[in-house]
Each structure stands twice: as structure tokens, then as C-alpha cells.
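Student: Quick one, structure for this:
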Amino acid sequence: MTDRTSIADASIRLDSMPIEGRDLHVTPGEEDRAAIAARLGVTAIDALDVVLHAVRFRGGIRVTGRLTASVTQPSVVTLDPVVQEIAEPIDRIFLPGGEKPYAGSANAEIFVDLEGDDIPDHFEGNEADLSELIVETLALAVDLYPRAKGESLDDLGLKPDVIEDHPFAALKGLKPKDD
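Tutor: This next block holds a predicted model:
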């Protein structure tokens, strides 16, 4: 069963999940994309399409899928619009019981596996909201310093001033000369 929905309705209920899982197709409208673009600080999100598959997993839900997007933002070199095409895999685990305190005693040791999988997300009740998962995946994929292909600061004709009187200038004279 495939559901096509907006970002506001991107959620999965654990109590009504079929055994084979549930597919969810999220295609935010123009208003939703504009709100996400403002939240991420980009000029525009021209397209956003997310296909997810959720299955029961260890008392919770495992969500896998793919996010594709087209994001426009200004180049850090020329400020001209740059379009970035994004295609990101999604694989996240949601477990019930985020409201339960998991802190042990003050002297308790905690094992953290730095090379293991991400810590699962938690949800309260019978429904996991996937909208934050979508926005977070997109935010992590957006280039923080976008520029057009082949664009560099040298193209602007801005050359940094070479300062010969800096603390390491004397060390340059000690460097052996190559023949």
C-alpha cells in the first residue's frame, strides 16, 4: 500500500502497520517547500520527493527510502543562483518510549559505540512523525558553500596581498634551494 502525502502528514502509525510494512510517498507542495527553504536558509527548493518504506523493527519502526531534491541558493563566489541536485538514502530507526527516562545512576558507566549505527529516534504514542526526518536529511545534504562548476575566487581578480614581513619570512631563507 502506497500513500502519497504532504510533509505535514508524513507520519506512520505503529498500531495500523501491515505485516509487510507501509510505503509512503511525500511530495510537499509549493508552500511547504518555501517554508522548508526559509528554515534551511536557501533561496528555494524547486523539487522535493521522498519515497519511504516503514516496517516493524524491535518494537518500533525502521524507515528506509530515498530523498531527491533540487535546491537553489546563491554562489559563495559570485552570488549568482546555483542549483544543487540532491539524492540521499534514508535509513532510520524509531523506537517508542521517548518519554521514558533512560538516565541511570550518576556513577553508571555508559558504553558508546562510535563506529556503530546511529542512536535510534524515539516517538511517543503509536505514531512516528517523519517530517523532521525529511527536513534533517535534506539539511545535511545541502552544500554549505555552493558555487558553480569551475568557479573560484581567482576568477574575480581578487588576489590576496602577499606580506613579506610576517613571522615566518626569515625561515624561508633557511629552506634549502633545489637545483
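Student: quick one: the strands in the chain?
Tutor: Chain-ordered strands for the chain, with DSSP state E as the definition, fall at 2-5, 11-13, 22-26, 44-57, 60-74, 81-96, 121-123, 127-129.
Student: Next, the contact list for residue 138, please.
Tutor: 36, 40, 45, 48, 67, 69, 71, 86, 88 (C-beta atoms under 8 Å, 6 or more residues apart in numbering). (Glycine included, C-beta is placed from N, CA and C.)
Student: mind putting the strands of the chain in JSON lines, distance to residue 154 and mean neighbour count included?
Tutor: As requested, those are exported to JSON lines (distance: least, C-beta to C-beta, whole Å; neighbours: other C-beta atoms under 10 Å):
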{"stretch": "strand 2-5", "distance to residue 154": "47", "mean neighbour count": "12"}
{"stretch": "strand 11-13", "distance to residue 154": "49", "mean neighbour count": "16"}
{"stretch": "strand 22-26", "distance to residue 154": "42", "mean neighbour count": "18"}
{"stretch": "strand 44-57", "distance to residue 154": "29", "mean neighbour count": "18"}
{"stretch": "strand 60-74", "distance to residue 154": "19", "mean neighbour count": "19"}
{"stretch": "strand 81-96", "distance to residue 154": "18", "mean neighbour count": "15"}
{"stretch": "strand 121-123", "distance to residue 154": "44", "mean neighbour count": "19"}
{"stretch": "strand 127-129", "distance to residue 154": "46", "mean neighbour count": "19"}
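Student: Dump the ones you listed to CSV, plus mean pLDDT and distance to residue 151.
Tutor: Shown next, in CSV, are the strands of the chain (pLDDT from 0 to 100; distance: least, C-beta to C-beta, whole Å):
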stretch, mean pLDDT, distance to residue 151
strand 2-5, 54, 38
strand 11-13, 84, 41
strand 22-26, 92, 33
strand 44-57, 94, 20
strand 60-74, 94, 12
strand 81-96, 92, 9
strand 121-123, 77, 38
strand 127-129, 85, 39
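Student: Can you check which of these gets nearest to residue 169?
Tutor: Closest approach to residue 169 among the strands of the chain (C-beta to C-beta): strand 60-74, 37.5 Å.
Student: Report pLDDT for the residue sitting nearest the centre point of the chain.
Tutor: Taking C-alpha atoms, centre = their mean, the centroid of the chain lies closest to residue 140, which sits 2.3 Å from it. The per-residue pLDDT reported for residue 140 equals 94.
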